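Enquirer: sequence first, then the predicted structure, then my questions.
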Amino acid sequence: MNTDVATALRDVQKLIEDFDNLVRAVFSGERRGMKPRYTRIDLRPVKVKNQILIQIVTSDGKQDTTTNVLLENLALAELLNSGYANFLVEHRSGSMNVRVTKKHGALVQIMEGEKEQILTHDRAKSRLLGPHDPFLIEVGISDASGQIKPTRRDKYRQVEEFLRLLAPAVKNAIEAGHLARPSEERPLSIIDLGCGSAYLTFAAHQYFRSIGISVEVVGIDIREDSRARNCAIAERLGIRSTIDFRAEEIANTSINSADVVLALHACDTATDDALAWAVSHDAKLIFVAPCCHHDLQRQIIDIPDPWQIVARHGLMKERLADLLTDSFRAQILKMVGYRAEVIEFVGGESTPRNLMIRAVKTRAVPSKSEVERYTEMAKLWNVKPALADRLGIKDK
Ligand SMILES: C[S@@+](CC[C@H](N)C(=O)[O-])C[C@H]1O[C@@H](n2cnc3c(N)ncnc32)[C@H](O)[C@@H]1O
């Protein structure tokens with residue numbers, strides 16, 4: 001149903017203010033030409049010390065912030081009009097979905113169906129991957145009864161948090177037109193380079209399918225035993241037609257394109273192979289969490305002053321080389337038309353390898369000073385980063 005935006009948002013507001021029936025509301029996406037402060041806002045009623053409050057979880061794409069306020073202190077109309085494009089309100093007897101479009105005003109979808117209102121305020125962060133999901137049991141993260149195995153908890157958390165960052169980026173890229181809207185005929189293509197036991201590969205496949213995004217996923221790993229095991233799992237899960245595994249070197253994979261490139265802990269310069277593959281195959285989104293870094297450790301021999309005061313300590317030299325490696329990687333991505341950021345994707349208690357390089361293809365031409373910064377830095381340390389080598393980036 002089409003209606004005007006003001007009417008639709010008034011209806012959304014009424015449903016949210018019907019506190020006795022509200023289950024949750026989510027605001028996300030961006031209206032054309034508007035920039036809301038948060039990537040997403042989740043609202044739901046909670047009971048705190050016998051008082052019903054509204055819990056607001058704001059997300060900036062990196063982390064969530066939770067506050068509980070009285071309904072009268074919530075500037076609801078202001079939030080509704082702050083530039084979001086999608087509104088979902090779930091209530092005890094159904095849901096209302098509003099999508100604001102440039103062409104059609106507000107597209108409103110109303111669905112019926114009973115939903116439970118849960119008022120506990122400390123509900124665990126909702127999981128993207130339910131531990132009972134058969135794929136988690138098949139890949140060995142959950143046991144046969146659907147409990148996460150204690151020895152696999154860290155990997156489970158890494159994959160969850162990886163997806164938590166990837167999913168909104170994919171949705172935003174689709175909304176912004178950077179990625180073609182996936183369909184059965186033209187699914188979103190994802191490649192996971194250095195996939196190993198394919199925890200992330202399967203997770204991405206299952207999660208995107210669960211939210212209605214058609215995907216075709218490929219996992220690449222040099223190891224034939226990984227390929228055989230992962231293909232057998234895909235067969236058992238009945239998803240072999242949309243997920244494939246190949247035993248190939250990342251640099252020489254027979255796959256020739258992908259919309260989204262993932263690499264979780266691809267060893268040392270395998271991360272550079274993954275980044276180089278993504279750049280030279282015009283990937284639109286790159287999500288790479290590097291692993292061990294030996295490339296610059298090997299190359300840094302003479303420490304330029306005054307950096308001696310850091311690098312004379314072996315441990316600090318190692319960490320400095322890791323930071324330099326990932327800084328060079330992000331800078332090189334910037335130089336070849338990506339907006340690149342280095343972020344923490346999971347807490348350090350899950351893995352010390354918890355940095356992620358997240359890059360979106362913008363085709364922006366780098367300024368002269370950004371290129372000079374790269375050159376100066378490489379000259380100062382007298383190094384040629386593996387990624388520069390693979391992409392044929394000149395020292396001068
Ligand atoms: C540390 S494991 C990570 C596996 C998986 N991504 C995960 O997070 O569980 C790194 C994987 O990369 C694979 N690998 C390393 N170098 C590779 C290369 N050049 N080409 C293909 N696979 C590679 C290894 O065989 C290994 O399975």
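Expert: Looks like it came in fine.
Enquirer: what about residue 41, which SS state?
Expert: strand (DSSP: H, G, I helix; E, B strand; the rest coil).
Enquirer: same check, this time on the one 4 residues further on
Expert: Residue 45 carries the three-state label strand when classified by three-state DSSP.
Enquirer: repeat for residue 356
Expert: The local conformation at residue 356, judged by three-state DSSP, is strand.
Enquirer: nearest spatial neighbour of it, skipping sequence neighbours?
Expert: Among residues not flanking residue 356 along the chain, residue 345 sits closest, at 3.9 Å (C-beta to C-beta, 6 or more residues apart in numbering). Using the backbone N, CA and C atoms, a C-beta is placed for each residue, glycine as well.
Enquirer: who's in contact with that neighbour?
Expert: Applying C-beta atoms under 8 Å, 6 or more residues apart in numbering to residue 345 gives the contacts 158, 161, 162, 165, 289, 354, 355, 356.
Enquirer: same check on residue 85?
Expert: Shown in contact with residue 85 (C-beta under 8 Å, 6+ apart): 28, 29, 30, 31, 32, 99, 100, 101, 175.
Enquirer: with secondary structure and pLDDT added, can I get these in JSON lines?
Expert: What follows is the contacts of residue 85, written out as JSON lines (DSSP: H, G, I helix; E, B strand; the rest coil; pLDDT from 0 to 100):
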{"residue": "28", "secondary structure": "strand", "pLDDT": "86"}
{"residue": "29", "secondary structure": "strand", "pLDDT": "85"}
{"residue": "30", "secondary structure": "strand", "pLDDT": "89"}
{"residue": "31", "secondary structure": "coil", "pLDDT": "90"}
{"residue": "32", "secondary structure": "coil", "pLDDT": "88"}
{"residue": "99", "secondary structure": "strand", "pLDDT": "88"}
{"residue": "100", "secondary structure": "strand", "pLDDT": "91"}
{"residue": "101", "secondary structure": "strand", "pLDDT": "86"}
{"residue": "175", "secondary structure": "helix", "pLDDT": "88"}
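Enquirer: CA atoms only: put the host helix or strand of residue 309 into PDB for me.
Expert: Applying DSSP states H and E as the criterion places residue 309 in helix 308-311. Extracted in PDB, the C-alpha atoms of helix 308-311 (Å, rounded to 0.1, in the frame of the first residue of the first chain):
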ATOM      1  CA  GLN A 308      64.600   3.300  17.900                       C
ATOM      2  CA  ILE A 309      63.000   4.100  21.200                       C
ATOM      3  CA  VAL A 310      60.000   1.900  20.300                       C
ATOM      4  CA  ALA A 311      61.600  -0.700  18.100                       C
END
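Enquirer: pLDDT wise, what is the residue lying closest to residue 2 once chain neighbours are set aside at?
Expert: In space, and not counting its chain neighbours, residue 2 is closest to residue 104: 5.2 Å by C-beta to C-beta, 6+ apart. The confidence metric pLDDT takes the value 78 at residue 104.
Enquirer: verify the stated contact: residue 104 with residue 3.
Expert: No: if you go by C-beta atoms under 8 Å, residue 104 and residue 3 don't touch, sitting 9.4 Å apart.
Enquirer: who has more neighbours out of those two?
Expert: More crowded of residue 104 and residue 3, by other C-beta atoms under 10 Å: residue 3, with 15 against 10.
Enquirer: and the closest residue to that one other than its chain neighbours, what are its bridge partners?
Expert: Spatial nearest neighbour of residue 3, chain neighbours left out: residue 106 (5.2 Å); criterion: C-beta to C-beta, 6+ apart. Taking DSSP bridges as the rule, residue 106 bridges to residue 3, residue 100.
Enquirer: relative to the ligand, how far out is residue 106?
Expert: Residue 106 is 42 Å from the ligand, where distance means C-beta to the nearest ligand atom, to the nearest Å.
Enquirer: for that residue, give me its contacts.
Expert: By C-beta under 8 Å, 6+ apart, the residues touching residue 106 are 2, 3, 4, 5, 7, 8, 9, 98, 99, 100.
Enquirer: got those residues as CSV, with distance to the ligand columns?
Expert: Converted to CSV, the contacts of residue 106 look like this (distance: C-beta to the nearest ligand atom, whole Å):
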residue, distance to the ligand
2, 45
3, 46
4, 48
5, 43
7, 48
8, 43
9, 43
98, 38
99, 35
100, 38
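Enquirer: now these: which count as buried?
Expert: In these, burial by neighbour count holds for 8, 9, 98, 99, 100, counting by 16 or more other C-beta atoms under 10 Å.
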